[in-house]
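J.: Structure of the sequence below:
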Amino acid sequence: MSTFTKIKAVKDSLSASEKKLAKFALESSNAIRELSSQELANVVGVSQSSVVKFSQKLGYKGYPAFKMGIIDALNISSVNSNLHGKIGINDSFARMSDKLLSSKVSVLNETQKLNDEKAFVAAVELLKSSKRILICGLGGSALVGKDFSYKLQKLGMLAVEEADTHAQLAFAATLADNDLVFAISESGNTNEIINVVSEAKSNQAKIISLTRFGSTPISEMADVKLYSVADDESARLSSILARTAQEFIIDILFIAITQSSRQGRQILEKTNAVVSDFRRHH
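T.: Residues are numbered from 1 along each chain as shown. Next up, the predicted model:
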């Protein structure tokens, strides 16, 4: 994931010193190429330890890895500068479609890099071992959740997606330690989803979160944390990019479950055959 996207994702959770570093990294990123951690600290007016902590909060082991992340992000930005950016009302159809395609490809690449394989493996095992699965989200996230529920149902799994928040909460109240909530929230801070996850957590149900990168109220309660890219660009495009990233995650999970479950593959073949037979005769 682009270092710049990471910084934007966690900016609301940064300390005062870290916010200074974030501002400098976004506005004067080229200068970081030539600065040591101590020199960066001096320029920004913070301690060297703040630079190290800031790097670690972004998922890097230390400042050298953070610096390389900045350099990589600058290189990618220079290559894609002509295609990225807000789609303008006066853009031609070709220009608009090129920008959208470029943005979607970038979002998919960054989302893939953002998630650790171990998290996917853990999520797959939780999904396969759960008796009941409640998938919850609002708005565009609810649409992604509904698609995920259909996919899991085709594998013979008891997965429910309920758009009504009261129904979500009521269902969560019935969950137990062998059940699971899959919470989808672009911000990770949706009050209605926080309530559902809290209720499920109090009943010892397992939680998988799919949120923006960084610490959020929802991801903090999760047993397994998955991330999707969400930034200002997705807001300008009515969450098109956010849904693209979320759908990528659920498709990875669906395929991974299918690969690892012989019974799931057999059920999927049966459900596909039933639908195909219906279409042939109607």
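J.: how about low-confidence regions in the stretch 151-282 of the chain?
T.: Applying pLDDT under 70 to the stretch 151-282 of the chain flags the ranges 230-238, 264, 281-282.
J.: Run a quick neighbour tally on Ala94.
T.: Neighbour count for Ala94, taken as other Cβ atoms under 10 Å: 8. All C-beta spots, glycine's among them, are computed from the backbone N, C-alpha and C.
J.: Name the helix or strand for it, please.
T.: Here Ala94, judged by DSSP states H and E, is contained in helix 93-114.
J.: Distance from that helix to the middle of the chain?
T.: Per Cα atoms, centre = their mean, to the nearest Å, the displacement of helix 93-114 from the mean C-alpha position of its chain is 15 Å.
J.: again with stretch 149-165
T.: How far stretch 149-165 lies from its chain's middle: 19 Å, per Cα atoms, centre = their mean.
J.: ok, and for whichever strand or helix holds Phe120, which residues are buried?
T.: Per DSSP H and E: Phe120 is located in helix 117-129. In terms of neighbour count (16 or more other Cβ atoms under 10 Å), helix 117-129 has its buried residues at Ala119, Phe120, Ala122, Ala123, Val124, Leu126, Leu127, Lys128.
J.: model confidence over the helix holding Ala94, on average?
T.: Averaging pLDDT along helix 93-114 gives 85.
J.: Give me the domain ranges for the protein.
T.: For the chain, automatic domain parsing gives the domain ranges 3-82, 117-275.
J.: The stretch 101-250 of the chain: helices as residue ranges?
T.: With helices called from DSSP state H, counting those that start in this stretch, the stretch 101-250 of the chain shows them at 117-129, 140-153, 165-172, 191-202, 217-220, 232-236, 240-260.
J.: Save those helices as JSON lines, and put in distance to Leu21 too.
T.: Formatted as JSON lines, the helices of the stretch 101-250 of the chain follow (distance: least, Cβ to Cβ, whole Å):
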{"stretch": "helix 117-129", "distance to Leu21": "27"}
{"stretch": "helix 140-153", "distance to Leu21": "31"}
{"stretch": "helix 165-172", "distance to Leu21": "38"}
{"stretch": "helix 191-202", "distance to Leu21": "29"}
{"stretch": "helix 217-220", "distance to Leu21": "23"}
{"stretch": "helix 232-236", "distance to Leu21": "20"}
{"stretch": "helix 240-260", "distance to Leu21": "26"}
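J.: So Gly88, which state does it fall into?
T.: coil (DSSP: H, G, I helix; E, B strand; the rest coil).
J.: Contacts for stretch 243-257, please.
T.: With Cβ atoms under 8 Å, 6 or more residues apart in numbering as the contact definition, stretch 243-257 has outside contacts at 104, 107-108, 110-112, 115, 120-121, 123-124, 127-128, 140-141, 143-144, 147-148, 151-152, 155, 184, 186, 210, 226, 228-230, 264.
J.: buried set for it?
T.: Of the residues in stretch 243-257, 243-250, 252-254, 256-257 count as buried by neighbour count, 16+ other Cβ under 10 Å.
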